[in-house]
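1. give the three-dimensional model of this entry:
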Amino acid sequence: MRLPVILLLLAGAPVATDDVQRADELEVLLPPPDRRGVEAPAIRSVGLLTDGRTRDLLHHGFPARMHYKLELWSTAGWFDDMLHRREWDVIVRFVPLDRRYTVSRIEGETVTTLGSFSELSEVQALLDRPYRPPMRAAPPGERVYYNAELEVEMMSVNDLDELERWLRGEFRPVARGERNPGTAVTRGVRSLVVRLLGSENRRYQARSVTFRTAR
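-> Predicted coordinates:
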């Protein structure tokens, strides 16, 4: 059973905070000026799985989930107005039996397998590539900007079975928050692990420059 190993692994983990990190790990890459507002920006996140604790948690069966959110904002009024939002997840799992990492992207109820890799460095190289999500075009002649947020978390024991069901095509638990009740003891142990894993959560934010779309 992997829980005692994980509890030892996480002993002494730093206390979780709600601080949003603004760093090179997350970037909003705008298209050429004549395509801005018509074409969505690309989002690039770099070096998300390079720390030792994240690697250890992956190897002990805890998937990493990167939750991305990209928003388009207008500055036309007295207050900034959000015009459109796009959210998606990238899930990285280590399969001990195969000694391989699998990477999947989840958008709405669509699961896209991004690949299977023998080395974590290959996974990181994939995650480092810019991704351009589908977004609606911005209104012509309007001053707008993009705001991106990213949360990196190690998924709890409570999510493992649900993730397996999701990736098999049962589009329910992970995205919609449904839970199997389990026993009281199981829930207690899982709650402890959730609190410990919470210290591994990291949040990033990046914003583009404000620009005017073509008329």
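2. do a quick rundown of the helices in this structure.
-> Secondary structure of the chain (DSSP state H): helices at 3-10, 52-59, 120-127, 157-167, 173-176, 184-198.
3. dump the residue contacts of the residue nearest to Glu27 when sequence neighbours are not counted.
-> Sequence neighbours aside, Arg44 is the residue nearest to Glu27 in space, at 4.6 Å (criterion: C-beta to C-beta, 6 or more residues apart in numbering). Quick note: C-beta positions are derived from backbone N, CA and C, even for glycine. Residues in contact with Arg44 (C-beta atoms under 8 Å, 6 or more residues apart in numbering) are 26-27, 29, 128-131.
4. over to Arg136?
-> Counting by C-beta under 8 Å, 6+ apart, Arg136 has contacts 72, 83-84.
5. for Ser208, same thing?
-> 28, 30, 41, 145-147.
6. among the residues you listed, which are in strands?
-> Using DSSP state E, the subset of the contacts of Ser208 located in strands is 28, 145-147.
7. quick one: which of the residues you listed is most hemmed in?
-> Highest neighbour count within the ones in strands among the contacts of Ser208, by other C-beta atoms under 10 Å: Tyr146, with 25 neighbours.
8. now the closest residue to that residue other than its chain neighbours: how far from Ala138?
-> What sits nearest to Tyr146 in space, not counting adjacent residues and going by C-beta to C-beta, 6+ apart, is Ser208, at 4.3 Å. Look at Ser208 and Ala138: by C-beta to C-beta, to the nearest Å, they are 12 Å apart.
9. now swap in Asp80 and tell me
-> Taken as C-beta to C-beta, the span from Asp80 to Ala138 is 13 Å.
10. any common contacting residues for the two?
-> By C-beta under 8 Å, 6+ apart, the residues touching both Asp80 and Ala138 are Ser74.
11. quick one on the thing from earlier: pick out the most distant pair among the contacts of Ser208.
-> Pairwise distances across these (C-beta to C-beta) peak at 12.6 Å, for the pair Leu30 and Asn147.
12. I'd like to know which elements the longest strand seen in the chain is packed against.
-> As assigned by DSSP E, the longest strand anywhere in the chain is strand 81-95. For strand 81-95, the packing partners by 3 or more C-beta pairs under 8 Å, 6 or more residues apart in numbering; DSSP states H and E come out as helix 52-59, strand 64-74, strand 100-107, helix 120-127, helix 157-167.
13. nearest to Tyr204, of those?
-> Set against Tyr204 and scored by C-beta to C-beta, these come closest in strand 64-74, at 9.8 Å.
14. and that closest one, which strands flank it?
-> strand 81-95 (antiparallel), strand 143-154 (antiparallel) (DSSP bridges).
15. average pLDDT for stretch 37-46?
-> Averaging pLDDT along stretch 37-46 yields 91.
16. with stretch 144-151 instead?
-> Rounded mean pLDDT across stretch 144-151 is 95.
17. now Glu87. Nearest residue, chain neighbours left out?
-> Lys69 (4.9 Å).
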